[in-house]
Structure formats: C-alpha cells, structure tokens
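> when you get a sec, could you give me coordinates for this:
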Amino acid sequence: MKLIIAAIKPYKLNEVREALISFGAPGMMISEKKGFGRQYGNTEIYRGAKYSVNFVPKTRLELVVENKNTEHVAKVIQKTTSTDKTGDGKFFLNVQEVIRIRTGETGHDAL
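I've put the predicted structure just below:
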C-alpha cells in the first residue's frame, strides 16, 4: 500500500474528492495548511495597498491506496488539480517520488 500526500489549491478540493469517489477511493483525510514552493509567496493588492503573502494557503490531502492503484490515483489528482499555473501544488508517494502537478516533472526537478 502507498500513502499519497498532496498539497493542492483549496478550491480544487471538491473536484478532487468527486473524482476520487467515482474511482472508488476508500476515504481520505484533509487539513488546511500554509506554505510556499518555487513561487516563494506572492504580492497581493488590498484596498490599493500592496502586501506580501509569504505563505500560500493549501489543502493537504492524504489517502492510502493499494499499490496497483497508485499510478491511476496520482493521474486523477494531477488531472483534476492542474490549472497550468505556478502554485498548483505537489503530491508525494511515500516520499520515494515527487511529482509537480503542473508540469509532470519528477524527482529532484520537481522540488
């Protein structure tokens, strides 16, 4: 069995949940997190003033799948969460492999 941990954009959660339920995922756990990756946060404008957001909100999704389903579940997560923009997130498969959602990069290139 494999533990899949995904950091995704919060507004993509329901879409991922529905896709995984239709696949037959037995369950999942989620939590709200903040962090940064290559984008190192971003700059927002609020009421005309710029301010820096150092940590971007993410949703952490955790689920355990059978080895034979790992690749398919990973593709479902990547397909449903990708917006082709920086900050789409990443998922980790037992930390043996890292996959960047937007580009499909793996290993060290995905970090």
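> for this protein, just list every one of the helices.
All helices of the chain, identified by DSSP state H, fall at 13-23, 70-81.
> pick the most deeply packed of those helices.
helix 70-81 (a mean of 18; mean count of other C-beta atoms under 10 Å). (C-beta placed from N, C-alpha, C; glycine too.)
> quick check: the gap between G87 and F36.
Per C-beta to C-beta, to the nearest Å, G87 is found 9 Å from F36.
> same question, I5
Taken as C-beta to C-beta, the span from I5 to F36 is 17 Å.
> what ranges do the strands span in the protein?
Here the chain has its strands, by DSSP state E, at 2-8, 29-35, 42-46, 49-53, 56-65, 89-93, 97-100.
> F23: which of the ones you listed is closest?
With distances scored as C-beta to C-beta, the stretch of those nearest to F23 is strand 56-65 (9.4 Å).
> hmm, who's touching that closest one?
Contact partners of strand 56-65, identified using C-beta atoms under 8 Å, 6 or more residues apart in numbering, comprise 1-10, 12-13, 16, 20, 25-36, 39, 41-42, 73, 77, 87, 89, 91.
> buried residues in it?
V56, K58, T59, L61, L63, V65 (16 or more other C-beta atoms under 10 Å).
> coming back round to it: can I get the helices of the chain in TSV including mean pLDDT and distance to R100?
As requested, these are arranged in TSV below (pLDDT from 0 to 100; distance: least, C-beta to C-beta, whole Å):
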stretch	mean pLDDT	distance to R100
helix 13-23	92	16
helix 70-81	90	9
